[in-house]
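Peer 1: sequence-free structure coming up:
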């Protein structure tokens, strides 16, 4: 875990995803900004272009409407068939000063009374002719007023849309409408008015060219601005990166600066600081474990080396060599137990030791421990007793190991002639009360008149306690008694009975079962308690009233 390994690992190409481009975040944000801005400008240009085009259509329609009003006045002035001879002159005069205007006049039979050259290619309306607009009282102003009113009504209903045609490469857009004349019976004429759109078309071409040129220049400018803004916005990340480079295995106490950063980066910094805190704690525990393990392994290894060197220093009998080997075997067994215990502690502290959960009755478990230590307790003049009962959900072997460690520790420190008690208690709960029911229903059987003397629902926790009488544990020792390799009695630092891992293992077993462990020592009575989640045991006894 050297500090030099981190940069190498960060630059290792094997850790990079294969087949993927590694664009910087600044470049990605810049490209996204340019793309989004270009789409907005394109949509805005299209909107403006359509608006301008519709405006030109409205202008052409207004021009055509004005010429149709003049045409209505000319036709309204006709009073007799002889007046038809002057239709050509009157409409010809409308073209004076209007080179971009096209006019065609024809009657209901299809006879063309007047047509400018540009109007010869004009299409004829496909819709049926409606009722002609009346010339009213013959007043031209009245005719114009009625024509504009009809035109507005038709436009609102989609009937006055422009028609378009092409003549000699020029596009014309206009209107075609039936107008009433002043002749007897209001003989109608169909008048087509077209306006040359060349000026408007040239403007639209120039507008589109300007728009595309502006977009090209704007994309370059927005790219440069986006790059500057992205680099400025990502500067807190670069600062965090530089600070993270200073964190090494020897400087895990360093933390990233947070508080004056943007909200998103501040959350990242806090998350990284929490990760560094977890790494520091894990590294500290690993260092302590390595140090403790090295310290504890040194004694048995030194003992074996000393015994072996003494045995080899001079010729000895086979019995002497056997004694040396027997002593070494004891030390090796101690080393094997220590390594196994340390491996279990390391797994449990990192969440790798998961218990195999099954319902476990604690009273038979306690009696098994009592039978195992009964001979040792009798040798030391101690009495072993079990009191209470309970059931938990857990791993029977691990719970047996934890209880064995507690009982072994209690026997080791108990005063001769005293008692070591294993107690199993339900923690007080409001739900612990007798439950009386009129009938007990069992599948296939109904037993009336039964009273359940113990509750079906147990208290949420079961306390497994081991109590012994001996010396009172000092507060400073009690605070560390569950640490690895800790022995409260300095005279036992080199005692071969234990390596100071029993209580630490018991605490780990309690934690992986979702429980806790604690110790109380007062007036020479010491009690170590493990609280574990309880499992309902159901009715223990049924009595008929």
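Peer 2: The structure has been received and is ready for your questions. What you are looking at is a predicted structure, and each value in this text was computed from that prediction instead of being measured. Numbers count the residues shown, from 1 in each chain.

Peer 1: Tell me what residue 195 is bridged to.
Peer 2: residue 101, residue 173 (DSSP bridges).

Peer 1: wouldn't it be in contact with residue 64 here?
Peer 2: Yes. In this structure, residue 195 is within contact of residue 64 by CB atoms under 8 Å, at 6.1 Å. For every residue, glycine as well, the C-beta is placed using N, CA and C.

Peer 1: Overlap in contacts, those two.
Peer 2: Common contacts of residue 195 and residue 64 (CB atoms under 8 Å, 6 or more residues apart in numbering): residue 174.

Peer 1: so what's the residue lying closest to residue 483 once chain neighbours are set aside up against?
Peer 2: Distance criterion CB to CB, 6 or more residues apart in numbering; nearest residue to residue 483, sequence neighbours excluded, is residue 504 at 6.4 Å. Each residue near residue 504 by CB under 8 Å, 6+ apart is listed here: 345, 482, 483, 484, 486.

Peer 1: Now with 7 Å, please.
Peer 2: Listed by CB atoms under 7 Å, 6 or more residues apart in numbering, the contact partners of residue 504 are 345, 482, 483, 484.

Peer 1: Over to residue 461?
Peer 2: Residue 461 touches 427, 531, 532, 533, 534, counting by CB under 7 Å, 6+ apart.

Peer 1: Do a quick rundown of the helices in the stretch 201-350 of the chain.
Peer 2: 235-245, 263-312, 318-349 (DSSP state H, counting those that start in this stretch).

Peer 1: Equivalent analysis for the stretch 1-150 of the chain, please.
Peer 2: Under DSSP H, counting those that start in this stretch, the stretch 1-150 of the chain gives helices at 5-10, 25-76, 87-94, 140-156.

Peer 1: which stretches of the stretch 401-545 of the chain form strands?
Peer 2: 419-426, 435-436, 439-442, 445-448, 450-452, 461-469, 516-522, 525-533, 542-544 (DSSP state E, counting those that start in this stretch).

Peer 1: just to revisit the earlier point, which one of the helices of the stretch 201-350 of the chain lies closest to residue 476?
Peer 2: helix 263-312 (18.7 Å; CB to CB).

Peer 1: That closest one packs against which elements?
Peer 2: Judged by 3 or more CB pairs under 7 Å, 6 or more residues apart in numbering; DSSP states H and E, the packing partners of helix 263-312 are helix 235-245, helix 318-349.

Peer 1: Any chance of TSV for the ones you listed, columns mean neighbour count, mean pLDDT and distance to residue 372?
Peer 2: Converted to TSV, these look like this (neighbours: other CB atoms under 10 Å; pLDDT from 0 to 100; distance: least, CB to CB, whole Å):
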stretch	mean neighbour count	mean pLDDT	distance to residue 372
helix 235-245	14	82	54
helix 318-349	14	80	16
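
Peer 1: As TSV, the ones you listed with distance to residue 97 would be great.
Peer 2: Below are the helices and strands packed on helix 263-312 laid out as TSV (distance: least, CB to CB, whole Å):
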stretch	distance to residue 97
helix 235-245	67
helix 318-349	100
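
Peer 1: Now do the SS call for the residue nearest to residue 77 when sequence neighbours are not counted.
Peer 2: With CB to CB, 6+ apart as the criterion, residue 77 has its nearest non-adjacent residue at 6.0 Å, and that residue is residue 182. Three-state call for residue 182 (DSSP: H, G, I helix; E, B strand; the rest coil): coil.

Peer 1: Can you give me the distance of residue 182 to residue 268?
Peer 2: 86 Å (CB to CB, to the nearest Å).

Peer 1: same deal with residue 474?
Peer 2: 47 Å.

Peer 1: out of those two, which sits in the busier spot?
Peer 2: Remark: of residue 474 and residue 268, residue 268 carries more neighbours, 17 against 11, as counted by other CB atoms under 10 Å.

Peer 1: which residues does the residue lying closest to the more buried one once chain neighbours are set aside contact?
Peer 2: The shortest distance from residue 268 to any non-neighbouring residue, by CB to CB, 6+ apart, is to residue 240 (7.2 Å). Residue 240 sits next to 256, 265, 269 when contact means CB under 7 Å, 6+ apart.

Peer 1: count of neighbours near residue 260?
Peer 2: Neighbours of residue 260 under the rule other CB under 10 Å: 8.

Peer 1: go on, residue 518?
Peer 2: Using other CB under 10 Å: residue 518 sits among 15 other residues.

Peer 1: which residue packs closest to it, ignoring adjacent ones?
Peer 2: Computed as CB to CB, 6+ apart, the closest residue to residue 518 that is not its neighbour in sequence is residue 529, at 5.5 Å.

Peer 1: Kindly report the same for residue 107.
Peer 2: The shortest distance from residue 107 to any non-neighbouring residue, by CB to CB, 6+ apart, is to residue 189 (5.5 Å).

Peer 1: what kind of secondary structure is that neighbour in?
Peer 2: Classified using three-state DSSP, residue 189 is strand.

Peer 1: Surely it is in contact with residue 76?
Peer 2: No. Shown here, residue 189 and residue 76 do not form a contact pair, counting by CB atoms under 7 Å, at 10.5 Å.

Peer 1: Quick check: neighbours shared by those two?
Peer 2: With CB under 7 Å, 6+ apart, residue 189 and residue 76 have common neighbours residue 181.

Peer 1: so where's the stretch 351-500 of the chain uncertain?
Peer 2: 351-353, 428-459, 485-500 (pLDDT under 70).

Peer 1: Low-confidence ranges, the stretch 1-150 of the chain, go.
Peer 2: 1-21, 124-150.

Peer 1: Now for the residue nearest to residue 107: which residues touch it?
Peer 2: 75, 105, 106, 107, 179, 181.

Peer 1: could I get the helices of the stretch 1-150 of the chain as a markdown table with mean neighbour count and distance to residue 460?
Peer 2: What follows is the helices of the stretch 1-150 of the chain, written out as a markdown table (neighbours: other CB atoms under 10 Å; distance: least, CB to CB, whole Å):
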| stretch | mean neighbour count | distance to residue 460 |
| --- | --- | --- |
| helix 5-10 | 11 | 46 |
| helix 25-76 | 16 | 51 |
| helix 87-94 | 15 | 103 |
| helix 140-156 | 16 | 79 |
